[in-house]
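> Provide a 3D model corresponding to the input given below.
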Amino acid sequence: LTIANEAKLFYPPTYTGVSSKQKLSIKNEARIPLQYEWKVPDKYKTEIFFEPQRAFLMPNEETKIVCTFTPLKKKEYILSVPIYATNFYDHLKEVIGFYNPGSGLVKTGAATMKSTKALPSIPQTVRYDIEVIGAGSDGVLTLSPKDIDFGTITVGFAKTMSVTVINKSNCNLYIELKMA
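Next up is the predicted model:
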């Protein structure tokens, strides 16, 4: 299994409770199908999520996984998340052929016959770790001017005023403006 970006994901500082998404490429470099599964540690299950959580990859297949990071605290995060890759054997092909080269024929004197002796199937699981680096932050917004007074407006006329919203924090913010 090959994981892009040296198996690291970097998220910019994000306002607590707001999700950021990134795509991560993984590729099956093996000649046999693999099944992969993410096992996020319990204490970070609400903060990092991978979609799909588990899937199969055929030989030489590459896929993109969507990684969602939602910081819940104002702190820096450095998480190590394991992904387990397990070889996926076709038990019919395992006895003879591709998975067990040279097993198809057994020579006994002048006759040649098919081998029916199967080797035990032991799926092997390999652990890979990816590092997720991000930060949760609280936002600091300033408005200029602080108050907007439209005064008295005659029916049928319109008046436009503007306000400047400045993000003074080091994080991305989601804002929603509502009239009060």
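> please, where are all the strands along the chain?
Ranges of strands within the chain are 2-3, 8-10, 14-15, 20-27, 34-38, 48-51, 54-57, 62-69, 76-87, 105-108, 111-114, 125-137, 141-144, 164-167, based on DSSP state E.
> worst mean pLDDT among the ones you listed?
Per-stretch mean pLDDT for the strands of the chain is lowest at strand 111-114 (a mean of 46).
> before we move on, the earlier item: give me whichever of the strands of the chain is most buried.
strand 14-15 (a mean of 21; mean count of other C-beta atoms under 10 Å). Heads up, the C-betas are built off the backbone N, CA and C, glycines and all.
> I'd like to know how far the residue sitting nearest the centre point of the chain sits from Thr164.
Computing the C-alpha centroid of the chain and ranking residues by C-alpha atoms, centre = their mean puts Cys67 first, at 2.8 Å. Distance, Cys67 to Thr164, by C-beta to C-beta, to the nearest Å: 34 Å.
> same check, this time on Phe56
In terms of C-beta to C-beta, Phe56 sits 52 Å off from Thr164.
> can I get the strands of the chain in CSV with distance to Phe157?
What follows is the strands of the chain, written out as CSV (distance: least, C-beta to C-beta, whole Å):
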stretch, distance to Phe157
strand 2-3, 62
strand 8-10, 51
strand 14-15, 39
strand 20-27, 44
strand 34-38, 59
strand 48-51, 51
strand 54-57, 60
strand 62-69, 47
strand 76-87, 52
strand 105-108, 95
strand 111-114, 94
strand 125-137, 43
strand 141-144, 25
strand 164-167, 25
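> which among those is found nearest to Tyr174?
strand 14-15 (6.6 Å; C-beta to C-beta).
> so what's the gap between the closest one and the chain middle?
Relative to the mean C-alpha coordinate of its chain, strand 14-15 is positioned 18 Å out (C-alpha atoms, centre = their mean, to the nearest Å).
> elements contacting it?
Strand 14-15 makes packing contacts with strand 125-137 when contacts are defined by 3 or more C-beta pairs under 8 Å, 6 or more residues apart in numbering; DSSP states H and E.
> and the strand it packs on, how far from the chain's centre?
9 Å.
> in its sheet, what does it sit against?
Strand pairing for strand 125-137, determined by DSSP bridges: strand 8-10 (parallel), strand 14-15 (parallel), strand 76-87 (antiparallel).
> contacting residues for the residue lying closest to Asn28 once chain neighbours are set aside?
For Asn28, ignoring the flanking residues on the chain, the nearest one in space by C-beta to C-beta, 6 or more residues apart in numbering is Leu57 at 3.8 Å. For Leu57, the contacting residues are Leu1, Ile26, Lys27, Asn28, Pro33, Leu34, Gln35, Tyr36, Thr63, by C-beta atoms under 8 Å, 6 or more residues apart in numbering.
> and Leu57, what are its bridge partners?
Beta bridges link Leu57 to Leu34, judged by DSSP bridges.
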